[in-house]
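Chemist: let me see the structure of the following:
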Amino acid sequence: MFKTRLFLGFFLIVATFASCKKESYNAEKQAKIDDGLIADFIAKNGIAAVKHSSGIYYQIITPGSGDVSFNSSTAVVVNYEGRLLNGNVFDKSSSAATFVLGRLIQGWQIGIPLIQKGGRIRLIVPSTLAYKNQSPGPGIPENAVLDFTIDLISAQ
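Modeler: Just a heads-up that it's a prediction; the model follows:
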């Protein structure tokens, strides 16, 4: 009887703690935090970036040429490097990579159409337009602002 009560008591304590939620994700609050981090980062590093109405910051290094009309099913062929704001590289293409634009993080969906074939862009993507409060894998923590350099080889 004592063991049953002890087990039941332990179960209730664990259930109580398990039911306590972390503060729910607030995208608006996180966007303000990210914007401050990005503004600080571009000022400290002398980056001539422009803020897009979406919240990403971008620097068109080479605009490219052509008249690709981008949509969610556009296949883009790119070379890229992704870094955290501390400079750590979390991903880098070793050869040309092909993606469907609509399957990429929102920051890329917004930023890549700002250039054309042969263009190069730097995108500084707030976490709210990347992986939000999720970690997609090792190297990218939750709520991470991401800094990409992307070469658009082709799009169709």
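Chemist: show me the shaky parts of this protein.
Modeler: Applying pLDDT under 70 to the chain flags the ranges 1-23.
Chemist: next, name the residue at the spatial heart of it.
Modeler: Centroid-nearest residue in the chain: Ala130, 2.5 Å away (criterion: CA atoms, centre = their mean).
Chemist: return the residues in contact with that residue.
Modeler: Ala130 sits next to Ile105, Gln106, Gly107, Ala144, Val145, Leu146 when contact means CB atoms under 8 Å, 6 or more residues apart in numbering. From N, CA and C alone the C-beta is placed, and that goes for glycine too.
Chemist: highest neighbour count among those?
Modeler: The residue in the contacts of Ala130 with the most neighbours, by other CB atoms under 10 Å, is Gly107 (26 neighbours).
Chemist: doesn't that residue fall inside a strand?
Modeler: No. Going by DSSP: H, G, I helix; E, B strand; the rest coil, the assignment for Gly107 is helix, not a strand.
Chemist: I'd say it and Leu146 touch.
Modeler: Yes. Counting by CB atoms under 8 Å, Leu146 is a contact partner of Gly107 at 7.0 Å.
Chemist: overlap of the contact sets of the two?
Modeler: By CB under 8 Å, 6+ apart, the residues touching both Gly107 and Leu146 are Leu123, Val125, Ala130.
Chemist: return the residues in contact with the first one.
Modeler: When contacts are counted by CB under 8 Å, 6+ apart, Leu123 touches Ile56, Tyr57, Tyr58, Gly107, Trp108, Gly111, Leu146, Asp147, Phe148, Ile150.
Chemist: swap in 7 Å and give it another go.
Modeler: Ile56, Tyr58, Gly107, Trp108, Gly111, Phe148, Ile150 (CB atoms under 7 Å, 6 or more residues apart in numbering).
Chemist: so what's the last one up against?
Modeler: Taking CB under 7 Å, 6+ apart as the criterion, Ile150 is in contact with Val78, Tyr80, Ile112, Arg120, Ile121, Leu123.
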